[in-house]
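Novice: Turn this into a structure:
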Amino acid sequence: MDCPACGTPVTLEVGPERPISTPLSDAILGAEEDERIEMTTDCWNCGWHETRELRVESIDTTAGDVAAIERASLVDEITNEIAGIEDSATLEDVLAEIRRQRESEAPVGDTGDGFQE
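Specialist: Got it, this is the predicted structure:
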């Protein structure tokens, strides 16, 4: 965002009960109903300043697919574990084990590439 007075970039801070480095999107997504979020915008070039306040009037949520959420969490956890492995031989062993597991779980007549024999 640029300063409406001089056109130089401005800083945006979210507060008052959050660290100043909190992104606005995180503040909004983490807000509770009836919570107020203050945003301060400053231009360090010309001194322009603006303070705005958002009030979360209501929060509507939808239920997610529990199985998909759990699967995504497991995939993230596995990915993080694999990223921490330094030894290439261990990574090759992990890949071979994953492929072996997938082959043993494939339905009869499935070639593994999505086509039936």
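Novice: only C-alpha atoms for contact and neighbour calcs from this point on.
Specialist: Fine.
Novice: contacting residues for N45?
Specialist: By CA atoms under 8 Å, 6 or more residues apart in numbering, the contact list for N45 reads 6, 8.
Novice: Tell me how far it lies from E32.
Specialist: Remark: distance between N45 and E32 (CA to CA, to the nearest Å) = 35 Å.
Novice: same question, T40
Specialist: Going from T40 to E32 by CA to CA gives 20 Å.
Novice: Could you give the backbone dihedrals for the residue nearest the centre of the chain?
Specialist: For the chain, the residue nearest the mean C-alpha position is D26 (9.7 Å; CA atoms, centre = their mean). Taking degrees, to the nearest 10, you get phi -70, psi -40 for the backbone angles of D26.
Novice: low pLDDT regions in this structure?
Specialist: 62-63, 108-117 (pLDDT under 70).
Novice: Show the residue spans covered by the helices in the chain.
Specialist: 24-29, 66-83, 88-105 (DSSP state H).
Novice: out of the ones you listed, nearest to G7?
Specialist: Closest to G7 of the helices of the chain is helix 24-29 (CA to CA; 21.4 Å).
Novice: Return the set of buried residues in stretch 82-93.
Specialist: Residues of stretch 82-93 classed as buried: none (neighbour count, 16 or more other CA atoms under 10 Å).
Novice: start to end distance for it?
Specialist: Terminal residues of stretch 82-93 are spaced 11 Å apart (CA to CA).
Novice: separation between L95 and E50?
Specialist: Distance, L95 to E50, using CA to CA: 54 Å.
Novice: Same question for D65.
Specialist: D65 is 41 Å from E50, by CA to CA.
Novice: picking up where we left off before, and the helices of the chain as CSV, adding distance to R18?
Specialist: Formatted as CSV, the helices of the chain follow (distance: least, CA to CA, whole Å):
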stretch, distance to R18
helix 24-29, 8
helix 66-83, 27
helix 88-105, 41
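Novice: contacts for stretch 3-12?
Specialist: The list of residues contacting stretch 3-12 from outside it, by CA under 8 Å, 6+ apart, reads 1-2, 39-46, 48.
Novice: Closest to E70 out of the residues you listed?
Specialist: Nearest to E70, judged by CA to CA, of these is M39 at 34.7 Å.
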